[in-house]
Each structure stands twice: as C-alpha cells, then as structure tokens.
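*Asks:* Using only what follows, build the 3D model:
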Amino acid sequence: MKQIVKNAEPNSLLQHRASQFANFDNIPLATKEELRQSLLSEQGYICCYCMKRIPEHTSPYMKVEHYKCQDNFGALQLTYTNLIGACTGNEGQPKIKQTCDTKKGNSELTISPNSTLPICETLFKYNAEGEISSITDNADINRQLNEVLNLNMQTLKDGRREIYLQVQGRVIQESKKSNKASFVKFLEQEKAKWLERTENKHRPYCSVALYYLTKKIKSNQN
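*Replies:* Okay, here's the model as predicted:
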C-alpha cells in the first residue's frame with residue numbers, strides 16, 4: 001500500500017454532486033470516466049491497496065472504491081476524498097482468490113492509503129517471500145491485510161517477492177564494491193529512483209522497494 005496525495009476533485013464530479021437527486025449510481029458516463037482518470041493520475045496508475053499496475057485501455061480496468069462503503073456511509077458516496085482507484089481484484093472468481101475492494105465489500109478498514117497521520121507506508125513491512133504484514137505485528141492490521149483485503153494471496157506475494165529480490169540483488173552486488181559512504185549514497189539514489197514516476201506512473205509494488213531501501217539506509221547510517 002502506498003500513500004495517496006489527493007488532488008482537487010474533477011469539476012464534473014462537483015457539478016454532479018450539486019445536482020438534484022445526485023448519487024454515485026447516476027453519475028454520467030463521461031463524469032465517471034473523468035473521475036477514474038483523476039484517481040489513476042494521483043495514484044500513479046497503481047491499485048490503492050495491492051499496488052498492481054492498473055491497465056488504462058482494457059475494460060473493466062478498475063473499480064472506483066469507496067473507502068467508507070456506500071451502503072453504510074451513503075452521505076460520502078460522492079465525496080472525492082472517500083474515493084480511490086482499485087484493481088478489479090479477481091472479481092467473479094472464488095472468494096479465496098479475490099483481493100482489494102472486491103474482497104473488502106462493506107467491511108471497514110482502519111488502514112488507509114489516504115492517511116497522513118500515520119502515513120500508511122509506515123505501518124507495513126515486507127519480507128523476501130513477498131509477504132506484507134504489520135511493522136509492529138499489530139494483530140488487527142494483520143487481520144485487515146489478510147482477511148479483509150487478502151493482500152497475501154499468492155499471486156500478489158509473487159509480484160512483491162520479485163521486486164524484493166530484484167532490489168536486494170542490486171544492493172548486495174553494490175555492497176561488495178563500495179565503501180560505507182558510497183554505499184549509502186547508492187541506496188539513497190536507488191530510493192529516489194523508486195519514488196520517481198515515469199509518464200506519471202509509479203512502478204508496481206514500489207513500496208516493497210522503498211521499505212527495503214529505507215531499512216538498509218537506516219542500518220548503514222548508524
């Protein structure tokens with residue numbers, strides 16, 4: 001999960017919300033597409049929960065996720081800060097394979113990619129098997145990751161594991177040929193690369209790399 005910094009809402013959504021009898025289900029198609037593009041842009045084209053790449057030109061390519069669900073928080077159904085972009089989460093497949101918004105349904109979360117206090121990325125750790133878990137081993141956070149969002153489903157673990165091992169390999173190789181100061185500089189440069197967007201797109205599973213590199217930087221600055 002990666003922090004999302006919300007931009008200004010699309011003007012068409014604002015206009016729709018101001019109209020009589022407006023709700024999420026009667027959003028005009030053009031307004032909904034503008035909403036999707038706005039969410040994708042601010043998220044760097046990755047899923048708000050699992051960080052997979054959200055494809056741009058296939059249909060259905062994404063879901064507009066209500067962080068606070070429509071059924072229980074109807075007043076927030078058109079509130080832009082409550083809307084985030086999620087992958088389709090294996091919709092239509094057995095529950096054991098569903099992830100993200102599709103798995104979440106009307107369940108409530110306390111972990112949020114929109115949060116600033118705390119920033120969501122500070123809540124999680126990753127290991128070489130691609131598993132995501134609470135950085136403090138908080139049981140409720142782990143329950144939300146595993147039971148509500150199913151973020152340790154095997155294909156997601158495989159994707160994160162690939163990134164973890166890729167970054168780890170580069171770091172190990174560099175550590176063998178650099179002094180400590182040069183090594184820390186290398187780590188900081190690698191972290192900067194993973195923070196960057198290319199054509200406004202984050203790399204999938206980027207928080208895995210950022211977690212690993214941040215941890216290595218801290219351990220080599222002591």
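
*Asks:* Pull out the buried residues from the longest helix along the chain.
*Replies:* Assignment by DSSP state H gives helix 154-175 as the longest helix of the chain. Using 16 or more other C-beta atoms under 10 Å as the test for burial, helix 154-175 gives Leu156, Lys157, Gly159, Arg160, Arg161, Ile163, Tyr164, Val167, Val171. To be clear about C-beta, it is placed using only N, CA and C from the backbone, and glycine gets the same treatment.

*Asks:* And stretch 23-36, by the same measure?
*Replies:* For stretch 23-36, a neighbour-count test (16+ other C-beta under 10 Å) marks Phe24, Ile27, Thr31, Lys32, Glu34, Leu35, Arg36 as buried.

*Asks:* part of a helix, is the fifth one?
*Replies:* So the one you mean is Glu34. Yes. Per DSSP: H, G, I helix; E, B strand; the rest coil, Glu34 lies within a helix segment.

*Asks:* With adjacent residues omitted, what lies nearest to it?
*Replies:* With sequence-adjacent residues excluded and distances taken as C-beta to C-beta, 6 or more residues apart in numbering, Glu34 is closest to Pro10, at 4.7 Å.

*Asks:* Tell me who's in contact with Lys63.
*Replies:* Counting by C-beta atoms under 8 Å, 6 or more residues apart in numbering, Lys63 touches Gly85, Ala86, Cys87, Thr88, Gly89, Glu91, Asp101, Thr102.

*Asks:* can those go into a markdown table with extra columns for pLDDT and secondary structure?
*Replies:* Listed next are those as a markdown table, based on pLDDT from 0 to 100; DSSP: H, G, I helix; E, B strand; the rest coil:
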| residue | pLDDT | secondary structure |
| --- | --- | --- |
| Gly85 | 95 | strand |
| Ala86 | 95 | strand |
| Cys87 | 95 | coil |
| Thr88 | 93 | coil |
| Gly89 | 93 | coil |
| Glu91 | 91 | coil |
| Asp101 | 95 | helix |
| Thr102 | 96 | helix |
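
*Asks:* Widest-spaced pair of those?
*Replies:* Greatest spatial distance in the contacts of Lys63: Gly85 and Glu91, 14.5 Å, computed using C-beta to C-beta.

*Asks:* quick one, which of those two is more surrounded?
*Replies:* Gly85 (27 against 15; other C-beta atoms under 10 Å).

*Asks:* Where does pLDDT dip in this protein?
*Replies:* Residues of the chain meeting the criterion pLDDT under 70: 57-60, 222.

*Asks:* can you pull out the strands in it?
*Replies:* Along the chain, counting by DSSP state E, strands occupy 63-66, 83-86, 124-126, 132-134.

*Asks:* Strand partners (parallel or antiparallel) of the second one?
*Replies:* To tie it back to what came earlier, the one meant is strand 83-86. Strand pairing for strand 83-86, using DSSP bridges, gives strand 63-66 (antiparallel).
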